[in-house]
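J.: Sequence below, structure please.
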Amino acid sequence: MAGWEWEPAVYYYEQLAKAHAERGRKMDFVMVHAETDRIFEYAAAGDRDGMAEYLCGFLRRLKAAGAEYGVIPAVTASLLRAGTGGDFLRCRCSICSGR
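T.: Residues are numbered from 1 along each chain as shown. Below is the predicted model:
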C-alpha cells in the first residue's frame with residue numbers, strides 16, 4: 001500500500017519491474033494508495049479504530065485482487081501499533097488474520 005505521495009510508489013513499482021525483468025520473470029503486482037490527509041485526521045482525533053478500518057479496506061482490496069500479504073509503509077503502522085503490542089491491525093483485518 002502506497003502512501004504519503006505518489007512519487008515513492010512510482011519508484012517502488014519501477015524497481016520491482018526492473019528486478020523482475022532482470023530475472024526474466026513476469027511481475028504480478030497490485031498497489032493501492034491511502035490518502036495521507038485521512039490518516040492524519042484519524043490520528044489527530046485519536047481514532048485508531050477508524051484508521052484501522054480505513055486501512056483494512058485497502059488490505060481487503062489487495063486480498064480480493066489475489067494478494068497474499070500487504071505492507072503498510074511509513075509512520076502509519078506505528079500510529080496504530082502504539083500501546084497495542086503490535087497486533088492492532090492483525091486482529092481487525094482479514095488479509096492479516098486469515099478470516
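J.: pLDDT weak spots in the protein?
T.: 1-5, 73-99 (pLDDT under 70).
J.: and the helix or strand harbouring Tyr11, which residues are buried?
T.: Taking DSSP states H and E as the criterion, Tyr11 maps to helix 6-22. By neighbour count on 16 or more other Cβ atoms under 10 Å, the buried set for helix 6-22 is Ala9. For every residue, glycine as well, the C-beta is placed using N, CA and C.
J.: Tell me which residues are up against that helix.
T.: By Cβ atoms under 8 Å, 6 or more residues apart in numbering, the surrounding residues in contact with helix 6-22 are 2, 26-27, 29, 31, 33.
J.: Compare the residues you listed and tell me which has the most neighbours.
T.: With neighbours defined as other Cβ atoms under 10 Å, the most crowded of the contacts of helix 6-22 is Ala2; it has 21 neighbours.
J.: Pull up the distance across stretch 38-58, start to finish.
T.: Chord length of stretch 38-58, first to last residue, is 13 Å (Cα to Cα, to the nearest Å).
J.: Let me fix that, I meant to ask about stretch 19-34.
T.: Stretch 19-34 stretches 25 Å from its first residue to its last (Cα to Cα).
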